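J.: Next one to model:
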Amino acid sequence: MMPEHIVKSFDEELNELNNTIVQMGGLAEAQIAESVQALVKRDAEAAARVIAEDKRIDALERDVDSMTVRLLALRQPMAEDLRAIVVALKISSDLERIGDYAKNIAKRISTLTQTPPQESVHTLRRMAAIVQSMIKTVLDAYIERDLDRANDVIQRDEEVDTLHTSLFRELLTYMMEDASNITPCTHLLFVAKNIERSGDHATNIAENVQFLVSGTSLTDDRPKGDESSTVVVEPRTAEAKGTI
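T.: Numbering: from 1, shown residues only. Now for the predicted structure:
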């Protein structure tokens with residue numbers, strides 16, 4: 001049996017690791033919200049702040065890497081403690097990717113401000129709001145070790161996928177109807193994919209929370225509603241457009 005002071009020190013290090021994950025998650029959630037808000041408002045200065053803030057998430061991921069290596073090397077954890085450390089490492093990677101997607105959205109805003117506004121940004125805002133909620137819920141699930149909240153996040157990913165498919169079809173239609181829409185709609189397609197992938201990473205975190213709590217991985221496929229890879233949009237004829 002380990003001396004009490006060693007056990008206490010180990011618990012403190014695990015708490016520090018958990019707190020760093022939560023801090024990363026809060027930043028990632030805020031970055032998604034702020035990048036899409038900058039997109040809707042066509043605010044290039046706000047977008048630049050989002051790009052700059054990504055460095056904070058990257059730095060926290062490096063902190064998590066260092067902490068997990070130290071804990072594994074010096075503490076040789078087992079069972080639930082080992083799962084907590086491995087899961088923290090995986091979650092930090094997912095959160096770092098969400099931060100990258102927010103930065104990628106922000107990078108497109110300066111170009112989009114030079115093109116006419118598109119109504120589709122409101123659907124993007126709705127998608128982003130769902131993903132932001134998923135990130136918040138999955139962080140709560142991680143903190144509370146709550147399987148129900150983790151499962152709720154997994155189920156909600158299908159809603160994001162469905163919106164992404166609908167928006168993909170809509171943007172393709174706009175591009176075929178008017179060539180001047182090609183540039184802004186192409187950028188918005190990438191933005192939509194960035195948001196959809198952020199939802200996937202939130203779902204990854206939820207699955208890792210399930211593993212953390214139960215010690216077993218999911219065997220069932222997660223629900224998917226993204227059919228954008230199979231979407232075919234036929235050009236509208238002149239008669240259908242009402243021009244003849």
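J.: where are the low-confidence patches of the chain?
T.: 1-8, 218-244 (pLDDT under 70).
J.: dump the residue contacts of the residue nearest the centre of the chain.
T.: Per CA atoms, centre = their mean, the C-alpha nearest to the average position across the chain is that of S198, at 2.2 Å. Counting by CB atoms under 8 Å, 6 or more residues apart in numbering, S198 touches 32, 97-98, 101-102, 131, 135. Any C-beta I mention is one placed from the backbone N, CA and C, and that applies to glycine too.
J.: for the helix or strand harbouring I195, the distance to its chain's centre please.
T.: Assigned by DSSP states H and E, I195 belongs to helix 182-214. Relative to its chain's centre, helix 182-214 lies at 4 Å (CA atoms, centre = their mean, to the nearest Å).
J.: Go through the contacts of S198 and say which is closest to L147.
T.: Nearest to L147 among the contacts of S198, counting by CB to CB, is I135 at 17.6 Å.
J.: Can you tell me the element that closest one falls in?
T.: helix 121-144.
J.: Quick check: buried residues in that helix?
T.: 121, 123-124, 126-128, 130-132, 134-142 (16 or more other CB atoms under 10 Å).
J.: Tell me which other helices or strands it touches.
T.: Helix 121-144 is packed against helix 4-41, helix 147-177, helix 182-214, with contacts defined by 3 or more CB pairs under 8 Å, 6 or more residues apart in numbering; DSSP states H and E.
J.: What angle do helix 182-214 and that helix make with each other?
T.: 20 degrees (axes from the mean of the first three to the mean of the last three CA atoms, to 10 degrees).
J.: and helix 121-144 with helix 4-41, angle?
T.: 170 degrees.
J.: okay, helix 121-144 in CSV with CA atoms only?
T.: Taking C-alpha atoms only, helix 121-144 is exported to CSV below (Å, rounded to 0.1, in the frame of the first residue of the first chain):
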residue,chain,number,x,y,z
VAL,A,121,-24.8,31.7,-42.5
HIS,A,122,-27.9,31.4,-40.3
THR,A,123,-28.0,27.7,-40.8
LEU,A,124,-24.3,27.6,-39.9
ARG,A,125,-25.1,29.5,-36.8
ARG,A,126,-27.7,27.0,-35.8
MET,A,127,-25.3,24.1,-36.4
ALA,A,128,-22.6,25.8,-34.4
ALA,A,129,-25.0,26.4,-31.5
ILE,A,130,-25.8,22.7,-31.4
VAL,A,131,-22.1,21.8,-31.4
GLN,A,132,-21.3,24.4,-28.7
SER,A,133,-24.0,22.8,-26.6
MET,A,134,-22.6,19.4,-27.2
ILE,A,135,-19.2,20.5,-26.1
LYS,A,136,-20.6,22.0,-22.9
THR,A,137,-22.6,18.9,-22.2
VAL,A,138,-19.8,16.5,-22.8
LEU,A,139,-17.5,18.5,-20.5
ASP,A,140,-20.1,18.3,-17.8
ALA,A,141,-20.3,14.5,-18.5
TYR,A,142,-16.5,14.3,-18.1
ILE,A,143,-16.5,16.2,-14.8
GLU,A,144,-19.4,14.3,-13.3
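J.: I am finished for the moment; much appreciated.
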